[in-house]
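Student: Return a 3D structure for these sequence lines:
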Amino acid sequence: QVQLVESGGGLVQAGDSLRLACNFSGRGRTFTNYRLAWFRQAPGKEREFVARIRRAGETPNYSGSVEGRFTINRDNDKNTVYLQMDSLKLEDTAMYYCAASLLYSTDWSFWGQGTQVTVSS
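Tutor: Okay, the predicted model is just below:
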């Protein structure tokens, strides 16, 4: 089983920055065999994709609403994936979830519990 633990959420003002982290662990699991992603869910809305990364050094993918403001990267030495969020907007307020699956999976097998990000005016 894979465990994902998010951290770094909080209350910030519009225009501020925040960095989320997601630590990966799992007995017998090798971090580099997994692709990672961030999703978010705002109250009353469906969960939506934010960003994903496969191997370190490969070009990540972003949703259109965050491209140019958010950056996903992974530190394979620390078994951690990060989401750097800059120029935060009110509409970025949501619970942010980390997800993982094997590199060539077609779905997301493992999920964290989430970390809350609230952006105020």
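
Student: bridging residues for the residue nearest the centre of the chain?
Tutor: Closest to where the C-alpha atoms of the chain average out (Cα atoms, centre = their mean) is residue 38, at 2.7 Å. The residues paired with residue 38 through beta bridges, assigned by DSSP bridges, are residue 51, residue 98.

Student: wait, it sits on residue 94?
Tutor: No. Using Cβ atoms under 8 Å, residue 38 is not in contact with residue 94; the gap is 10.4 Å. Placement of C-beta: from N, CA and C, glycine included.

Student: who's in contact with the residue nearest to the centre of the chain?
Tutor: With contacts defined as Cβ atoms under 8 Å, 6 or more residues apart in numbering, residue 38 is in contact with 20, 22, 50, 51, 52, 72, 81, 83, 96, 97, 98, 99.

Student: give me that answer again for 7 Å
Tutor: With contacts taken as Cβ atoms under 7 Å, 6 or more residues apart in numbering, residue 38 has the following neighbours: 50, 51, 72, 83, 96, 98.

Student: Repeat that for residue 31.
Tutor: When contacts are counted by Cβ under 7 Å, 6+ apart, residue 31 is found next to 24, 76, 79.

Student: do residue 92 as well
Tutor: By Cβ under 7 Å, 6+ apart, the residues touching residue 92 are 85, 117, 119.

Student: Same check on residue 93?
Tutor: Counting by Cβ under 7 Å, 6+ apart, residue 93 makes contact with 42, 117, 118, 119.

Student: so can I have a markdown table of these showing secondary structure, distance to residue 56 and neighbour count?
Tutor: Putting those into a markdown table (DSSP: H, G, I helix; E, B strand; the rest coil; distance: Cβ to Cβ, whole Å; neighbours: other Cβ atoms under 10 Å) gives the following:
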| residue | secondary structure | distance to residue 56 | neighbour count |
| --- | --- | --- | --- |
| 42 | coil | 30 | 14 |
| 117 | strand | 24 | 22 |
| 118 | strand | 30 | 15 |
| 119 | strand | 29 | 20 |
